[in-house]
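> build me a model from this:
(2 chains)
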Amino acid sequence: MKPIWNDTKEYDLKSGKYVKIWQGPQHPGITGNMSIELLLEGDEIKLLKTHVGYLHRGFEKLMERRKFINCFPIVCRICVPEPDTNEYLFAAAVEELSGIEIPERAKWIRTLNLEMARLGATVMGLGGQAGSFGLGTIGQWAVAHRDFLLDSFEELTGGRIYHMYIVPGGVRYEIPEGFEGRLEKTLVKIEKLLSDIDKVMFHNAVFKSRSKGLGYIPKDWIEPFGINGTTARASGVSYDVRKDHPYLIYDQLDFNVITGTEGDVYERVLIRKEECHLSINLIRQILAKMPKSGPVRTFIPDIMHWKIPAGETYVRAESGRGEYGYYMVTDGSEYPQRVHVKGPSYTHAMSLLEKLGEGVTNADIFGLMVSLQTYPPEIER
Amino acid sequence: MSLRDVISPFNAWKRAFEKPDTIVKPLSEREGSPLYRGFHINDVDKCIGCGSCEEICQNAAIDLVDVASVKAKPGDSGLRPLIDYGRCCWCALCVDICPTGSLGMSNDYTWISENSDDYRFIPGVDDKKWNKSKKGYRRSAESWLVDPNRQHMNEIEPDKRKKNFDEYAEGFTDEQAMAEAGRCLDCGICIQACPTHMDVPKYINSIRNKDLDEGLRIMFETNPMLEACGRICTAKCEDVCAVGHNGKPIAIRSLKRYIGDQTFKKKDEIMDLKPAASTGRKVGIIGGGPAGLTAAFYLRRFGHAVTLYEQHDKLGGMLKWGIPDYRLPADVLQREIDFILRQGVEVKYSVKVGKDISFEQLHKENDALFISVGAQIGSDMPIKGMDTEGVYSGVEFLEKVSKGEKPFVGREAVIVGGGNTAMDATRSSIRLGAKAKILYRRTEQEMPANREEIREAKEEGAELKILSTPTKIEKLPSGRLKIECLKMELGEPDKSGRRSPVPKEGSEFYIEADVCIMAIGQKVEPEFSETIGLKVTKWGTFEVHSDTLRSNEKVFAGGDCQTGPDDAIKAVAAGKTAAYFIDRQLRG
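Next up, the predicted model:
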């Protein structure tokens, strides 16, 4: 394969033509801490280098020293805006390795939880995207509407940000009475917000002129860069773990993978807005089709000394940002031998951003970064 | 780009005329949801300080600390959880594991203090505004991380088992033992409750790790009579078991039996006991029951020469003569005793101290003496007709049964008493072919016998007549006994906390039976205490130092003869304690 990126350009820093600046680690283009180093010629970025490592908390190593049940409160902290994918994948990995079947109803509730989380994270992402191009009002709307979803999460799981609801064996407890009705009200509010966003953001001369054509990703970059999720779908690649490798009860839901053609920032954000509608649709389907009663949790005996037979597995799920995977190795002891967390941010925020950053103006770099939807805690784990 | 793209953003203005969702000046606190995981609450009276919360906390945010207002008592360590909110991640695993259900979380999440040390406090003890909160996360029965149901040993059907004296409980299978061991929380509350302080969590863990050899070695550290105890122990540990607060306690006794059952064939090989270096000191032990045998074992481990004086022709004491074979088979007891004897214990059988050999002589010959003669004489009731033919004492009856004598029980036997001896006598007379009726002066709830003994006796057909006491026994011309009884009522609680029975005026009634077995207690043989001339209490038991079991310079006493009739594990504990203090004394 021909290398896509052959970085041999040299810049004479003493010529006075270039200026080198450091942005971060509190960077407005990213949720979390990350720095970028820019070489500018005028307003145009000639060279972009990413610097990560500000949010390394060593989750993978921490898990090796914790019993299986003690890992589940840790994993959610790997991704702040959408922690449930981590909870689900950790639980799915240990359930697969230990051969635990979870109740049918738990699968539906887990899916509901994952879709709510995706919706919340994506709505906030839309707000962030608008904010990065100076449309601050939408950012405020989005954060406020995500808060309504957090209220629902609080009611369902007992926590607003870190839910710790999906546990090995199922979910922690039953859906509270009347929850469906209150969630539906929130969904209606968000639908209204999305129609507003459509008018104010996607039919906005400023936004359009700045985002169209920015950060273009050709289709043939998808595989070599390991791009996935909405970013890949915006470039015309139809790949969604929910459809291609269905997990939980996604095979019982009726939906189509949303793809675009343009591959630029505008297209990516547009697809994310459509994903919000999809999530709302899926939540409604789940609430309608879910078994109305039944157990939600499989009892795991001797949880404090839970030994999982030796084995290894890779489990994956579609997070709001793309394919998320957990690779777990067990050795028959009470502790995982190795857990590797593969988040989509790693490839998006590091190598891809360095490539896409070239030629972009300094003012647009924030918008470009947000459009790649990356979270540093996921890069560094 | 079109004109629409220029005009459309002005749509945002319409929001300016809507009622905002946000509150302009939030003056009151927003309440958390009913399931919210906020600051912890703890019902300190319900909490037993077992430390399961500390164990499961993945952030090490919980520390069990001493609390002045809480006193340690059986089944309660006296410690309470202190939570460090700098570490807490609000996952509520501590709430989900809590065996008593005392720990919960309030839905309060706003609290400000300038002093960072304030964020370490003991919920329920330190005064906090959310202490009375009814909302917030509590664990439900379903979310408890512990299985409330225990495993049951396979047993022979009551109808079949009551026909013979064969052991009816079959012991745990590997799967059952594994499942039962898996219920243990490793809290160790049981260790304190066990008279000999067996390290229960450690040996249960050996079952989990499938290392039963290690389990056997752990048990031998505190109890050389584990096979007998695995069958007949009164299991004080299970009474205080943390899991028992919301479910059935761990079947600790059955797990002990499981280790014994699986390892007895290779006991010598596993224990691999090398004879200890001889100290040249001699210790005499009078009475070869559980206390004497235990003392003999540990004294041998300390290197002292041990001679055991036993009045019967077999060792085992009450384990042998007081407990029928269906609960503790003779061969199981014998193999356990044989192992102790293989450590080099000299036994003089059929020797009654004071009759066959004088106490003074023993006193002279040995460097120390341990008296563990037990309480062998059945107590009499102060009623008329106790000397009638057909009236036995419980111990006398059981001894005959153990010797295989098949004492006469006729068609109907009446057993008086509510303890384990009464249950043994009841079930033995059923096995000998009689219909058994138990007379007890309080109610079933106050019966001191093990619950399962009572249940099993009833399963085998025993009739329970509560709130009744015999007042007179007469022989009828037919040869049967006429037992005059009185109905009782429960009055005020006595010192033991049980409500004392009060006779009900004019409530006499009569029962006819072939035999009457009085199992209302035992006492130390008074002649023996007189011969050896040690200080005795008003109950006729030996008076000793409560910690060291020392009576006078050279003489120690322990077991039933010191405590009054009690269970085997207490005797084992006394034997172990005596061995320790005798050794200390002999070594100076």
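
> mind listing the helices for the stretch 401-550 of chain B?
Assigned by DSSP state H, counting those that start in this stretch, the stretch 401-550 of chain B shows helices spanning B:420-431, B:451-459, B:526-532.

> out of those, which is the most enclosed?
Compared across those, helix B:420-431 shows the largest average neighbour count, a mean of 27 (mean count of other Cβ atoms under 10 Å in any protein chain shown). No exception for glycine: its C-beta is placed from N, CA and C like everyone else's.

> and for the residue of the stretch 251-400 of chain B found nearest chain A, the neighbour number?
Closest approach between the stretch 251-400 of chain B and chain A, counting by Cβ to the nearest Cβ: B:L255, at 13.4 Å. A count of nearby residues for B:L255, using other Cβ atoms under 10 Å in any protein chain shown, gives 24.

> can you lay out the helices of the stretch 401-550 of chain B as TSV showing mean pLDDT?
Below are the helices of the stretch 401-550 of chain B laid out as TSV (pLDDT from 0 to 100):
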stretch	mean pLDDT
helix B:420-431	91
helix B:451-459	88
helix B:526-532	82
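
> what's the closest of these to chain A?
Of all the helices of the stretch 401-550 of chain B, helix B:451-459 comes closest under Cβ to the nearest Cβ, at 23.7 Å.

> any chance of the helices of the stretch 401-550 of chain B in JSON lines, with distance to chain A too?
Putting these into JSON lines (distance: least, Cβ to the nearest Cβ, whole Å) gives the following:
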{"stretch": "helix B:420-431", "distance to chain A": "32"}
{"stretch": "helix B:451-459", "distance to chain A": "24"}
{"stretch": "helix B:526-532", "distance to chain A": "50"}
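
> for the chain, what's the longest helix?
Since you didn't name a chain, this refers to chain A. Longest helix of chain A, by residue count under DSSP state H: helix A:104-132.

> meant chain B actually
Max-length helix for chain B by DSSP H is helix B:568-587.

> quick one: buried residues of that helix?
Within helix B:568-587, the residues that count as buried by 16 or more other Cβ atoms under 10 Å in any protein chain shown are B:568-583, B:585-586.

> average pLDDT for it, rounded please.
Helix B:568-587 comes out with an average pLDDT of 92.

> so what does that helix touch, helix or strand wise?
Packed against helix B:568-587, as judged by 3 or more Cβ pairs under 8 Å, 6 or more residues apart in numbering or on different chains; DSSP states H and E, are the following elements: helix B:226-232, helix B:290-302, helix B:318-321, strand B:368-371, strand B:555-557, helix B:560-563.

> nearest spatial neighbour of whatever residue of the stretch 201-350 of chain B ends up closest to chain A, skipping sequence neighbours?
Closest contact between the stretch 201-350 of chain B and chain A, by Cβ to the nearest Cβ, is at B:R208 (5.8 Å). In this structure, B:R208 finds its nearest non-sequential neighbour in B:A181, 4.9 Å apart by Cβ to Cβ, 6 or more residues apart in numbering or on different chains.

> isn't the one you found right next to B:N209, touching?
No: judged on Cβ atoms under 8 Å, B:A181 makes no contact with B:N209 at a distance of 9.4 Å.

> ok, those two, which is more surrounded?
Each of B:A181 and B:N209 has its neighbours counted (other Cβ under 10 Å); B:A181 has more, 28 against 13.

> return the residues in contact with B:G101.
Taking Cβ atoms under 8 Å, 6 or more residues apart in numbering or on different chains, we find B:G101 in contact with B:K46, B:R138, B:R139, B:H245, B:N246.

> may I see these arranged in CSV, with neighbour count, pLDDT and secondary structure as well?
Converted to CSV, those look like this (neighbours: other Cβ atoms under 10 Å in any protein chain shown; pLDDT from 0 to 100; DSSP: H, G, I helix; E, B strand; the rest coil):
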residue, neighbour count, pLDDT, secondary structure
B:K46, 13, 90, coil
B:R138, 19, 90, coil
B:R139, 22, 89, coil
B:H245, 19, 91, helix
B:N246, 15, 90, coil
